[in-house]
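A.B. asks: Provide a 3D model corresponding to the input given below.
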Amino acid sequence: MMQGFDSIDVAPQGAPIHARRGGSGPPLLLLHGHPQTHAMWHRVAPALAERFTVVMADLRGYGDSARVAADPAHAAHSKRTMALDMRLLMQGLGFERFAVCAHDRGARVAHRLALDHPAAVSRLMLLDIAPTLAMYEGTGEAFARAYWHWFFLIQPAPLPERLIEADPVAYLRDVMGRRHAGLAAFAPEALAEYQRCIARPGTATSICEDYRASASIDLDHDRADRTAGNRLLLPLRVLWGAQGVVGRCFDVPSLWAGAAAAPSGHALDCGHYIAEEAPDALRAEMLDFFEA
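C.D. replies: Alright, predicted model coming up:
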(Lines give C-alpha, C1' and ligand atoms only; values in the text may rest on other atoms or scores of the structure.)
Protein backbone atom coordinates (compact mmCIF):
# COMPACT_ATOMS: atom_id res chain seq x y z
CA MET A 1 0.00 0.00 0.00
CA MET A 2 2.91 2.35 0.63
CA GLN A 3 5.12 1.83 -2.40
CA GLY A 4 7.91 4.38 -2.52
CA PHE A 5 8.01 4.79 1.25
CA ASP A 6 10.94 3.29 3.14
CA SER A 7 10.44 1.50 6.45
CA ILE A 8 12.10 2.97 9.54
CA ASP A 9 12.48 1.38 12.96
CA VAL A 10 14.05 3.40 15.75
CA ALA A 11 13.89 3.34 19.56
CA PRO A 12 14.00 6.98 20.69
CA GLN A 13 13.10 6.18 24.33
CA GLY A 14 14.00 2.51 24.37
CA ALA A 15 10.63 1.58 22.83
CA PRO A 16 10.88 0.82 19.10
CA ILE A 17 8.80 3.06 16.86
CA HIS A 18 7.92 1.97 13.33
CA ALA A 19 7.50 4.56 10.60
CA ARG A 20 7.64 5.04 6.84
CA ARG A 21 9.36 7.86 5.01
CA GLY A 22 9.05 9.04 1.43
CA GLY A 23 9.17 12.06 -0.85
CA SER A 24 11.23 15.21 -0.67
CA GLY A 25 10.75 18.75 0.51
CA PRO A 26 9.77 20.22 3.89
CA PRO A 27 9.19 17.57 6.57
CA LEU A 28 5.61 16.59 7.40
CA LEU A 29 4.78 14.14 10.18
CA LEU A 30 1.49 12.20 9.94
CA LEU A 31 0.00 10.50 13.01
CA HIS A 32 -2.90 8.03 13.04
CA GLY A 33 -5.72 7.35 15.47
CA HIS A 34 -7.34 4.43 17.28
CA PRO A 35 -7.60 1.59 16.39
CA GLN A 36 -5.59 2.18 13.22
CA THR A 37 -1.99 2.45 12.03
CA HIS A 38 0.00 4.68 9.67
CA ALA A 39 -1.77 2.83 6.83
CA MET A 40 -4.74 5.20 7.28
CA TRP A 41 -2.80 7.78 5.21
CA HIS A 42 -2.54 5.61 2.09
CA ARG A 43 -5.02 7.73 0.09
CA VAL A 44 -3.25 11.05 0.74
CA ALA A 45 0.43 10.27 1.37
CA PRO A 46 1.57 9.61 -2.24
CA ALA A 47 0.38 13.02 -3.44
CA LEU A 48 1.85 14.74 -0.39
CA ALA A 49 5.21 13.05 -1.04
CA GLU A 50 5.45 15.00 -4.30
CA ARG A 51 5.90 18.18 -2.24
CA PHE A 52 6.97 17.10 1.25
CA THR A 53 9.21 14.63 3.00
CA VAL A 54 6.42 12.59 4.52
CA VAL A 55 7.00 10.60 7.72
CA MET A 56 4.13 8.34 8.84
CA ALA A 57 4.66 6.85 12.30
CA ASP A 58 2.89 4.20 14.34
CA LEU A 59 2.24 5.43 17.87
CA ARG A 60 3.63 3.28 20.67
CA GLY A 61 1.20 0.45 21.30
CA TYR A 62 -0.19 0.56 17.75
CA GLY A 63 0.80 -0.77 14.33
CA ASP A 64 4.29 -2.25 14.38
CA SER A 65 5.61 -0.03 17.15
CA ALA A 66 6.46 -1.37 20.60
CA ARG A 67 3.95 -2.62 23.13
CA VAL A 68 5.06 -1.03 26.39
CA ALA A 69 4.25 -2.36 29.84
CA ALA A 70 1.57 -0.63 31.88
CA ASP A 71 2.51 1.43 34.92
CA PRO A 72 0.33 2.64 37.81
CA ALA A 73 0.44 6.29 36.74
CA HIS A 74 -0.06 5.43 33.03
CA ALA A 75 2.97 7.62 32.34
CA ALA A 76 4.39 5.30 29.69
CA HIS A 77 1.29 5.97 27.59
CA SER A 78 0.82 9.62 28.45
CA LYS A 79 0.57 11.97 25.51
CA ARG A 80 3.67 13.69 26.86
CA THR A 81 5.69 10.47 26.50
CA MET A 82 4.15 9.62 23.15
CA ALA A 83 4.83 13.14 21.90
CA LEU A 84 8.47 12.85 22.91
CA ASP A 85 8.68 9.63 20.86
CA MET A 86 7.74 11.67 17.81
CA ARG A 87 9.99 14.62 18.62
CA LEU A 88 12.98 12.30 18.96
CA LEU A 89 12.01 10.31 15.86
CA MET A 90 11.99 13.42 13.71
CA GLN A 91 15.13 14.77 15.31
CA GLY A 92 16.87 11.47 14.59
CA LEU A 93 15.86 11.82 10.94
CA GLY A 94 17.51 15.23 10.86
CA PHE A 95 14.38 17.36 11.25
CA GLU A 96 14.59 19.88 14.08
CA ARG A 97 11.43 21.62 12.89
CA PHE A 98 8.52 20.08 11.01
CA ALA A 99 4.80 20.30 10.30
CA VAL A 100 2.28 17.82 11.70
CA CYS A 101 -1.10 16.50 10.58
CA ALA A 102 -2.76 14.06 12.96
CA HIS A 103 -6.06 12.27 13.48
CA ASP A 104 -7.94 11.13 16.59
CA ARG A 105 -5.49 9.73 19.21
CA GLY A 106 -2.59 10.91 17.10
CA ALA A 107 -4.06 14.40 17.16
CA ARG A 108 -4.01 14.33 20.96
CA VAL A 109 -0.34 13.35 20.80
CA ALA A 110 0.26 16.13 18.29
CA HIS A 111 -1.49 18.68 20.51
CA ARG A 112 0.84 17.76 23.38
CA LEU A 113 3.84 17.72 21.01
CA ALA A 114 3.16 21.33 19.97
CA LEU A 115 2.66 22.41 23.60
CA ASP A 116 5.76 20.70 24.98
CA HIS A 117 8.06 21.33 22.00
CA PRO A 118 6.87 24.58 20.41
CA ALA A 119 10.17 25.20 18.65
CA ALA A 120 9.88 21.87 16.85
CA VAL A 121 6.41 22.17 15.30
CA SER A 122 5.95 24.77 12.57
CA ARG A 123 2.31 24.21 11.62
CA LEU A 124 -0.33 21.88 13.03
CA MET A 125 -3.46 20.30 11.54
CA LEU A 126 -5.75 18.28 13.82
CA LEU A 127 -8.49 16.01 12.49
CA ASP A 128 -11.80 15.39 14.26
CA ILE A 129 -10.97 16.21 17.85
CA ALA A 130 -11.59 18.93 20.38
CA PRO A 131 -9.16 19.43 23.29
CA THR A 132 -9.22 16.37 25.55
CA LEU A 133 -9.88 18.26 28.79
CA ALA A 134 -12.74 20.20 27.22
CA MET A 135 -14.31 17.00 25.89
CA TYR A 136 -14.23 15.26 29.27
CA GLU A 137 -15.58 18.35 31.03
CA GLY A 138 -18.34 18.73 28.45
CA THR A 139 -19.37 15.07 28.13
CA GLY A 140 -23.11 14.56 27.91
CA GLU A 141 -25.32 11.58 27.25
CA ALA A 142 -25.13 11.76 23.45
CA PHE A 143 -21.34 11.79 23.43
CA ALA A 144 -21.06 9.06 26.09
CA ARG A 145 -23.34 6.77 24.09
CA ALA A 146 -21.52 7.38 20.80
CA TYR A 147 -18.00 7.26 22.26
CA TRP A 148 -18.70 4.40 24.65
CA HIS A 149 -15.16 3.06 24.09
CA TRP A 150 -13.70 6.10 25.91
CA PHE A 151 -15.33 4.89 29.11
CA PHE A 152 -14.99 1.16 28.49
CA LEU A 153 -11.24 1.28 27.84
CA ILE A 154 -10.42 3.22 31.03
CA GLN A 155 -11.93 0.58 33.32
CA PRO A 156 -9.38 -1.07 35.64
CA ALA A 157 -7.31 -3.90 34.22
CA PRO A 158 -7.80 -6.60 33.23
CA LEU A 159 -11.50 -6.32 32.37
CA PRO A 160 -11.36 -4.39 29.06
CA GLU A 161 -8.14 -6.15 28.02
CA ARG A 162 -9.71 -9.54 28.58
CA LEU A 163 -12.79 -8.67 26.55
CA ILE A 164 -10.81 -7.21 23.63
CA GLU A 165 -8.35 -10.11 23.56
CA ALA A 166 -11.24 -12.58 23.30
CA ASP A 167 -11.80 -11.29 19.73
CA PRO A 168 -9.68 -8.24 18.83
CA VAL A 169 -10.80 -8.17 15.20
CA ALA A 170 -14.45 -8.09 16.23
CA TYR A 171 -13.69 -5.19 18.59
CA LEU A 172 -12.01 -3.24 15.79
CA ARG A 173 -14.77 -3.93 13.28
CA ASP A 174 -17.46 -2.92 15.78
CA VAL A 175 -15.72 0.33 16.74
CA MET A 176 -14.96 1.35 13.17
CA GLY A 177 -18.00 -0.13 11.47
CA ARG A 178 -20.56 1.67 13.65
CA ARG A 179 -19.41 5.09 12.51
CA HIS A 180 -21.02 7.18 9.78
CA ALA A 181 -19.59 5.43 6.70
CA GLY A 182 -19.36 1.88 8.08
CA LEU A 183 -16.58 -0.47 7.01
CA ALA A 184 -17.13 0.36 3.33
CA ALA A 185 -14.97 3.47 3.83
CA PHE A 186 -11.81 1.39 4.23
CA ALA A 187 -9.73 -0.22 1.53
CA PRO A 188 -9.55 -4.00 2.08
CA GLU A 189 -5.76 -3.82 2.35
CA ALA A 190 -5.93 -1.11 5.01
CA LEU A 191 -8.58 -2.93 7.00
CA ALA A 192 -6.51 -6.10 6.87
CA GLU A 193 -3.54 -4.17 8.24
CA TYR A 194 -5.57 -2.74 11.10
CA GLN A 195 -6.85 -6.22 11.90
CA ARG A 196 -3.36 -7.73 11.82
CA CYS A 197 -1.96 -5.15 14.19
CA ILE A 198 -4.76 -5.13 16.74
CA ALA A 199 -4.28 -8.90 17.12
CA ARG A 200 -0.62 -8.50 18.09
CA PRO A 201 0.13 -9.54 21.69
CA GLY A 202 0.01 -6.61 24.08
CA THR A 203 -2.10 -4.37 21.86
CA ALA A 204 -5.18 -4.48 24.09
CA THR A 205 -3.12 -3.39 27.09
CA SER A 206 -1.53 -0.56 25.11
CA ILE A 207 -4.87 0.70 23.83
CA CYS A 208 -6.40 0.66 27.29
CA GLU A 209 -3.37 2.40 28.78
CA ASP A 210 -3.54 5.07 26.08
CA TYR A 211 -7.11 5.85 27.09
CA ARG A 212 -6.46 5.51 30.82
CA ALA A 213 -3.67 8.04 30.45
CA SER A 214 -6.04 10.42 28.66
CA ALA A 215 -8.46 10.23 31.59
CA SER A 216 -5.80 10.76 34.27
CA ILE A 217 -2.23 11.95 33.78
CA ASP A 218 -3.00 13.70 30.50
CA LEU A 219 -5.76 15.71 32.19
CA ASP A 220 -3.28 16.71 34.92
CA HIS A 221 -0.94 18.02 32.24
CA ASP A 222 -3.79 19.82 30.47
CA ARG A 223 -4.99 21.44 33.70
CA ALA A 224 -1.45 22.60 34.46
CA ASP A 225 -1.29 24.22 31.01
CA ARG A 226 -4.63 25.93 31.56
CA THR A 227 -3.52 27.28 34.94
CA ALA A 228 -0.28 28.56 33.42
CA GLY A 229 -2.05 30.07 30.41
CA ASN A 230 -0.09 27.83 28.06
CA ARG A 231 -1.79 27.83 24.64
CA LEU A 232 -0.92 26.88 21.09
CA LEU A 233 0.67 29.88 19.39
CA LEU A 234 1.57 28.31 16.05
CA PRO A 235 -0.66 28.24 12.93
CA LEU A 236 -3.43 25.72 13.68
CA ARG A 237 -6.01 24.25 11.30
CA VAL A 238 -8.75 22.06 12.72
CA LEU A 239 -11.02 19.92 10.52
CA TRP A 240 -13.86 17.69 11.61
CA GLY A 241 -16.48 15.49 9.98
CA ALA A 242 -19.88 17.10 9.51
CA GLN A 243 -21.40 13.63 9.93
CA GLY A 244 -19.25 12.76 12.92
CA VAL A 245 -19.87 12.75 16.65
CA VAL A 246 -17.35 15.40 17.70
CA GLY A 247 -18.93 18.14 15.62
CA ARG A 248 -22.44 17.19 16.75
CA CYS A 249 -21.63 17.08 20.45
CA PHE A 250 -19.14 19.94 20.81
CA ASP A 251 -18.61 23.49 19.57
CA VAL A 252 -15.27 22.63 17.99
CA PRO A 253 -14.24 26.15 16.85
CA SER A 254 -15.03 27.67 20.24
CA LEU A 255 -13.16 25.01 22.18
CA TRP A 256 -10.05 25.40 20.04
CA ALA A 257 -10.30 29.19 20.32
CA GLY A 258 -9.87 28.66 24.04
CA ALA A 259 -6.78 26.50 23.55
CA ALA A 260 -4.99 28.28 20.71
CA ALA A 261 -4.15 31.83 19.70
CA ALA A 262 -5.58 31.84 16.19
CA PRO A 263 -7.14 28.54 15.06
CA SER A 264 -8.88 28.16 11.72
CA GLY A 265 -10.94 25.34 10.31
CA HIS A 266 -14.31 23.94 9.40
CA ALA A 267 -16.27 20.74 8.91
CA LEU A 268 -15.84 18.47 5.90
CA ASP A 269 -18.65 16.43 4.38
CA CYS A 270 -17.71 13.10 5.92
CA GLY A 271 -17.62 11.22 9.20
CA HIS A 272 -14.78 10.57 11.61
CA TYR A 273 -12.27 8.89 9.29
CA ILE A 274 -11.49 11.95 7.19
CA ALA A 275 -8.36 10.67 5.44
CA GLU A 276 -10.23 7.63 4.12
CA GLU A 277 -13.72 9.08 3.66
CA ALA A 278 -12.76 12.40 2.09
CA PRO A 279 -9.14 12.10 0.88
CA ASP A 280 -9.47 14.61 -1.98
CA ALA A 281 -10.87 17.30 0.29
CA LEU A 282 -8.23 16.59 2.92
CA ARG A 283 -5.37 16.73 0.39
CA ALA A 284 -6.59 20.12 -0.80
CA GLU A 285 -6.79 21.40 2.78
CA MET A 286 -3.34 20.10 3.60
CA LEU A 287 -1.70 21.63 0.54
CA ASP A 288 -3.42 24.95 1.21
CA PHE A 289 -2.37 25.00 4.86
CA PHE A 290 1.11 23.49 4.80
CA GLU A 291 2.30 25.38 1.72
CA ALA A 292 1.15 28.75 3.07
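
A.B. asks: in the chain, which spans are strands?
C.D. replies: In the chain, the segments counted as strands under DSSP state E are 6-10, 17-23, 27-31, 53-57, 98-103, 121-127, 236-241, 263-268.

A.B. asks: including distance to Ser65, mean pLDDT and mean neighbour count, could those strands go into a markdown table?
C.D. replies: Just so you know, the C-beta spots here come from the backbone N, C-alpha and C atoms, and that holds for glycine as well. Shown next, in a markdown table, are the strands of the chain (distance: least, CB to CB, whole Å; pLDDT from 0 to 100; neighbours: other CB atoms under 10 Å):
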| stretch | distance to Ser65 | mean pLDDT | mean neighbour count |
| --- | --- | --- | --- |
| strand 6-10 | 9 | 97 | 13 |
| strand 17-23 | 5 | 98 | 21 |
| strand 27-31 | 11 | 99 | 26 |
| strand 53-57 | 8 | 98 | 25 |
| strand 98-103 | 15 | 99 | 26 |
| strand 121-127 | 20 | 98 | 24 |
| strand 236-241 | 25 | 98 | 24 |
| strand 263-268 | 28 | 98 | 18 |
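
A.B. asks: turn the ones you listed into CSV, including distance to Tyr194.
C.D. replies: Shown next, in CSV, are the strands of the chain (distance: least, CB to CB, whole Å):
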stretch, distance to Tyr194
strand 6-10, 18
strand 17-23, 14
strand 27-31, 15
strand 53-57, 14
strand 98-103, 13
strand 121-127, 17
strand 236-241, 19
strand 263-268, 22
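
A.B. asks: right, and these - which one's nearest Asp251?
C.D. replies: strand 236-241 (11.0 Å; CB to CB).

A.B. asks: how big is the angle separating the closest one from strand 263-268?
C.D. replies: Interaxial angle, strand 236-241 versus strand 263-268 (axes from the mean of the first three to the mean of the last three CA atoms, to 10 degrees): 20 degrees.
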